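Q: Predicted model, plus sequence, below.
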Amino acid sequence: MVIGEIPLPKILWAVTPMDFVGAYQNFTILGVGVPPFSIFIKALPLAFLIYVSLYGDMLFSNEAVELANEKRPDEVSHFNPDRAHFLTGVRNLLSVLFCGVSPTMHGIWPAMTAIIADSYSRGALR
């Protein structure tokens, strides 16, 4: 670029518009339709792996909150696995209907729980 061998890149500053209609039509069960039963059978190993991952996330979250509670007896925080499972199910149902399923959503929450529990145990969150 300095000696003119290659041109300077043209940088366009803009916001890329989202194709919500295309995403809805191509990634949701309402847009694509209900797949054949064989697809559900083929997806069972993935569903099992996500279940195991989510179960580990719940165990980790429970332990992280309990450790934070030991350091902060003045204000006890409660982790309810039933509520967490219910909210995860609602999120997944809405995801299936409106924005498509993303298995990558599972497994990122323990890191956030650890950060929040650590901040809470040090008294940074009030």
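A: It's in.
Q: Tell me which helix or strand comes right after the helix or strand containing residue 24.
A: In this structure, residue 24 sits in helix 20-27 according to DSSP states H and E. Downstream of helix 20-27, the next assigned helix or strand under DSSP H and E is helix 29-32.
Q: Contacts for that next one next, please.
A: The contact list for helix 29-32 (Cβ atoms under 8 Å, 6 or more residues apart in numbering) reads 24, 25, 26, 96, 97, 98. Placement of C-beta: from N, CA and C, glycine included.
Q: could you flag which of those residues are buried?
A: residue 24 (16 or more other Cβ atoms under 10 Å).
Q: sorry, back to before: pLDDT of the helix holding residue 24, averaged?
A: Per-region confidence: helix 20-27 scores 86 on mean pLDDT.
Q: Can you spell out which helices and strands pack onto the helix ranked longest in the chain?
A: Across the chain, the longest stretch assigned as helix under DSSP state H is helix 44-71. Where contact means 3 or more Cβ pairs under 8 Å, 6 or more residues apart in numbering; DSSP states H and E, helix 44-71 is packed against helix 81-94, helix 109-121.
Q: centre of the chain versus the helix holding residue 24, how much separation?
A: On the basis of Cα atoms, centre = their mean, to the nearest Å, helix 20-27 is displaced by 20 Å from the centre of the chain it belongs to.
Q: quick one: low-confidence ranges for this protein?
A: Residue ranges of the chain with pLDDT under 70: 101-107, 124-126.
Q: Just the element for residue 17, please.
A: Per DSSP H and E, there is no helix or strand for residue 17.
Q: mind checking how far it is from residue 26?
A: 16 Å (Cβ to Cβ, to the nearest Å).
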